[in-house]
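Asks: quick one, what's the 3D model for this:
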Amino acid sequence: MHRKSAYILCLAVLGMLVIGIVMLFSTSAFARDSRGDPFFFIKRQTIWLVVGLVVCSVAAITDYHFWGRTWWVWFGLAAVALALCYLPPIGLRINGSRRWIGLGGFTLQPSEIAKVASVFFLAWWFVRQEKNSGRILQGFLAPLGVVGVLLALIVFEVDLGTTALIGASTFVIMFIAGTNVWLLGLLSMSGVAAILFVATTMPERMGRLSAFMDPERYKEGAGLQQMQALIAWGSGGLEGLGLGNGRQKMLYLPYAHTDFIFPMIGEELGLRMSLLVVFLFLVIIVCGTLIALHAKDRFGLLLGSGIVSLLALQAAVNIGVTTSLLPNKGLPLPFISYGGSNLAACLFGVGLLLSIYRQGVFEPTNTKRVTATMQVRTTPRI
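Replies: Numbers count the residues shown, from 1 in each chain. Sure, this is the predicted structure:
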């Protein structure tokens, strides 16, 4: 299956992109900030899709070791871009968070750069420290300290979802690299405790936690999105109301074209199409994992594992939030939700996986056995 994993991966991603464009066309015309143009978000997403396909192609044809050699460039770029979020008028404050910077009429989310930059660094680091992965300093404290620089800039934006996503992906890479499991257990408990502490000290985030615990009580406030999402799921049923016939997108469900586009798929296209989306994500995860496992070196294994974990965890969190299994977090659904920088970053990750596949290790055919078998079959009996 590994020999066809790249082709299957591309087909799954293509299916996601088609579903995303179709659902964005159906939902975005009713968004509050469409500026009177029903095609406003479609136009912008199309531009970002072209950009994403370009960076995907560049990443696919580039030797993936290049990103390890230049990790410090992307890490520095991410840190500078994150710092600009705090400097108006370049940094934009939207919905109480400073996650974006404005460039020529477009908005860019620097945390998307930080995601891949952290993976570049961790993969590079644990290749150099392969023999010291189990030690406290080289295998635990040092890499956490470097990644912590980006996490600190992100958490104060405020963006707890992306902070948790990068932290969880760091955990996955460190586990695969051979970091002490007891230290990783301590890290996971400390991370959860830190996020809960930050969330409970911020009124808006505390409201989301309260709404998650008792959604009926907060259905007019912090729990509005998740309650309306559940109504969308219930209205769609198995078959759905039909493409374009959804009602929640008509200003009942806020941000139906971005973070909460998955319930709109359920309302308009039904449970079957929703399960298809989940299946496509599983296909991407399986194919990406196979590509990482067949990488020709340790750097390819860690890089591929980091990219797969970023995509898988982000999809899992979004699906968990929109089905009320997790507290509300501002993470888009990869390849489907509106969001140009996230779409470009996800396609860039796919390009990295394709580059690893191109140089991967394939199981060699046992030519001696085949030759011997052919000789036995072709030798005439006397």
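
Asks: name the SS class of the residue most central in space within the chain, please.
Replies: Closest to where the C-alpha atoms of the chain average out (Cα atoms, centre = their mean) is Leu311, at 3.3 Å. Classification of Leu311 by DSSP: H, G, I helix; E, B strand; the rest coil places it in helix.

Asks: residues touching it, list them.
Replies: Taking Cβ atoms under 8 Å, 6 or more residues apart in numbering, we find Leu311 in contact with Phe281, Ile284, Ile285, Gly288, Pro334, Cys346, Gly349. Glycine gets a C-beta too; all of them are placed from N, C-alpha and C.

Asks: so which elements touch the helix or strand Ser190 falls within?
Replies: Secondary structure from DSSP states H and E places Ser190 in helix 181-200. Judged by 3 or more Cβ pairs under 8 Å, 6 or more residues apart in numbering; DSSP states H and E, helix 181-200 is in contact with helix 160-177, helix 203-213.

Asks: again, only using 10 Å
Replies: Counting contacts by 3 or more Cβ pairs under 10 Å, 6 or more residues apart in numbering; DSSP states H and E, helix 181-200 is packed against helix 142-155, helix 160-177, helix 203-213.

Asks: just the buried positions in it, please.
Replies: Along helix 181-200, these residues count as buried under the neighbour rule (16 or more other Cβ atoms under 10 Å): Leu183, Leu184, Leu187, Gly191, Ala194, Ile195, Ala199.

Asks: export the residues you listed to TSV and tack on pLDDT and distance to Gln129?
Replies: Compiled in TSV, the buried residues of helix 181-200 are given as follows (pLDDT from 0 to 100; distance: Cβ to Cβ, whole Å):
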residue	pLDDT	distance to Gln129
Leu183	89	14
Leu184	90	16
Leu187	85	17
Gly191	80	22
Ala194	77	25
Ile195	72	27
Ala199	67	33
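
Asks: tell me where the model's unsure across the stretch 201-350 of the chain.
Replies: Judged by pLDDT under 70, the stretch 201-350 of the chain has its weakly predicted residues at 202-207.

Asks: which residue ranges of it form helices?
Replies: Using DSSP state H, counting those that start in this stretch, the helices of the stretch 201-350 of the chain run over residues 203-213, 224-236, 261-293, 298-322, 340-358.

Asks: from the chain's centre, how far out does the second one sit?
Replies: Using Cα atoms, centre = their mean, to the nearest Å, the mean C-alpha position of helix 224-236 is found 23 Å from that of the whole chain.

Asks: what's the angle from that helix to helix 261-293?
Replies: 90 degrees (axes from the mean of the first three to the mean of the last three Cα atoms, to 10 degrees).
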